[in-house]
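Undergrad: Based on what follows, work out the 3D shape:
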Amino acid sequence: MSTIRSLAPVLRRRLSTACASLLDPIPWTQAPVSRVFPAAESLFHVCVDVSHAPRLASSHTRAGQYLQLRAPGAAWPTFLAIASPPARTAAGGEFEFLVSSVPGSTAERLCRLKRGDLVELSAVMGEGFDVDRIEPPEDYPTVLMFATGSGISPIRSLIESGFDAARRSDVRVYYGALNLRRMAYQDRFKYWESSGIEIIPVLSEPDCNWIGEAGNVQAAFSRARKISSPFSTGAVICGHRQMREEVTSILVKGGVQRDKILTNY
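TA: Here you go, the predicted structure:
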C-alpha cells in the first residue's frame, strides 16, 4: 500500500502531462487550392499550393504519409493521404490528393473548391511505407500491392517515388473499384507498367463487357498464381479494413513474413 501511495504523485503528473498533450492545439498552415478536377466518378484530384510553406512541403519525406485538411465551412477536418511523391512535392511546392466526394462530408466540400480558395493543412503525419524493410530488390524480387478506392493514392506516391520496381521480377498492383468509371489513375497505368509494374484492375460490379478480374481484391489474389518464394516477397496494402485483414491473412498463411507487409499507418 505504501508503494502505491508513493507512486500516486508520479502517476498524477504523468496523467496530467498526457492530457495536456492531447489538448495542445494542432498547428495549421493556410494554403490556396491550385487545382480541382475529376479523377473518376465521385473521385477528385485536389491540389494545394504549399510553395510558400517550404518547411511543410519538405516534411513530406516518404510515400504513404498523410495529413489533416480543413475546408471552409466544414465542421471537422478530414484525413488525406498524400498522392504525390515526396520529390515532386519538394520540387513543385504542391500537395496532390485523391479525394472521395462523400455527400455531407468535409471531403465533399473540398471537392467543390476552386483555384485560390484557402484551406488549412496540419503537419505531415505518419511514417509512411517503410520500403527499407523490402530492400534490396535482389533480396525481395516480388512485391505485391493492394488498394481499394481512394486507397490507391499512397500507392501512386510509392510507385512514382521509385522503389526499384524495374530491378524486381514480379511487382503487381491489385486495384479494386466498383467499376471502371470509379477507378482513378487509369491514365497513369501505362506509365506505371513501363517501370515494370503489372496493374490488375478488379471490379466488384463490372458491366457485361468486362473480361478482367471481378469480385474483390482478396479473391482475385487468391485465384492468382502462387508466390514462388514467400521469404523473398514484400507487400504493400492500403484500403478498407476487411480487405487489409483478409489479404494479410492470405499472405501470412502463404509464408510471407508479417514484417514485410507494409501499411501507411
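Undergrad: Can you report phi and psi for the spatially most central residue of the chain?
TA: With distances taken as CA atoms, centre = their mean, residue 154 lies nearest the centre of the chain, 3.0 Å away. As for residue 154, its main-chain torsions (degrees, to the nearest 10) stand at phi -70, psi -30.
Undergrad: and it, what does it touch?
TA: Applying CB atoms under 8 Å, 6 or more residues apart in numbering, we find residue 154 in contact with 63-66, 81-83, 128-129, 238, 264. Bear in mind the C-beta positions are built from the backbone N, C-alpha and C, glycine included.
Undergrad: Just the ones of those residues in strands?
TA: Per DSSP state E, strands hold the following members of the contacts of residue 154: 66, 81, 238.
Undergrad: For the residue nearest to the last one when sequence neighbours are not counted, grab the count of nearby residues.
TA: The spatial neighbour of residue 238 that comes closest, neighbours along the chain excluded (CB to CB, 6 or more residues apart in numbering), is residue 151 at 4.0 Å. When counting by other CB atoms under 10 Å, one arrives at 22 neighbours for residue 151.
Undergrad: what ranges do the helices span in the protein?
TA: For the chain, the helices defined by DSSP state H occupy 2-23, 54-58, 86-92, 106-111, 152-161, 189-194, 217-223, 241-253.
Undergrad: Which strands or helices does the third one pack on?
TA: Applying 3 or more CB pairs under 8 Å, 6 or more residues apart in numbering; DSSP states H and E, we find helix 86-92 packed against helix 54-58, strand 94-100, helix 152-161.
Undergrad: got a list of what the residue lying closest to residue 117 once chain neighbours are set aside touches?
TA: Of all residues not flanking residue 117 in the chain, residue 33 sits nearest, at 4.8 Å (CB to CB, 6+ apart). Listed by CB under 8 Å, 6+ apart, the contact set of residue 33 reads 46-49, 113-119.
Undergrad: 10 Å instead?
TA: Residues near residue 33 by CB atoms under 10 Å, 6 or more residues apart in numbering: 46-49, 71, 110, 113-119.
Undergrad: Among the helices of the chain, which comes closest to residue 204?
TA: For residue 204, the closest of the helices of the chain is helix 217-223, at 9.1 Å, according to CB to CB.
Undergrad: Let me see the mean pLDDT of that closest one.
TA: Helix 217-223 shows a mean pLDDT of 94.
Undergrad: one step back: is the residue nearest to residue 238 in contact with residue 265, as I believe?
TA: No. Taking contacts as CB atoms under 10 Å, residue 151 lies outside contact range of residue 265: 11.4 Å.
Undergrad: Common neighbours of the two, please.
TA: Shared contacts of residue 151 and residue 265 (CB under 10 Å, 6+ apart): 81, 238.
Undergrad: quick revisit: which of the contacts of residue 33 are buried, as a PyMOL select command?
TA: Buried residues within the contacts of residue 33, by 16 or more other CB atoms under 10 Å, are selected in PyMOL with:
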select buried, resi 46+47+48+49+71+110+113+119
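Undergrad: For residue 59, state which of the contacts of residue 33 is nearest.
TA: Closest approach to residue 59 among the contacts of residue 33 (CB to CB): residue 48, at 14.2 Å.
Undergrad: With just CA atoms, put the biggest strand by length in the chain into CSV.
TA: Counting residues, the longest strand in the chain under DSSP E turns out to be strand 29-40. What follows is strand 29-40, C-alpha atoms only, in CSV (Å, rounded to 0.1, in the frame of the first residue of the first chain):
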residue,chain,number,x,y,z
THR,A,29,-0.9,26.2,-42.2
GLN,A,30,-3.2,28.2,-44.6
ALA,A,31,-2.7,27.5,-48.3
PRO,A,32,-4.6,28.1,-51.5
VAL,A,33,-6.1,25.4,-53.7
SER,A,34,-4.3,25.3,-57.0
ARG,A,35,-6.4,22.7,-58.9
VAL,A,36,-9.5,20.6,-58.5
PHE,A,37,-10.6,18.3,-61.3
PRO,A,38,-12.3,14.9,-61.7
ALA,A,39,-10.3,11.8,-61.3
ALA,A,40,-13.2,9.3,-61.7
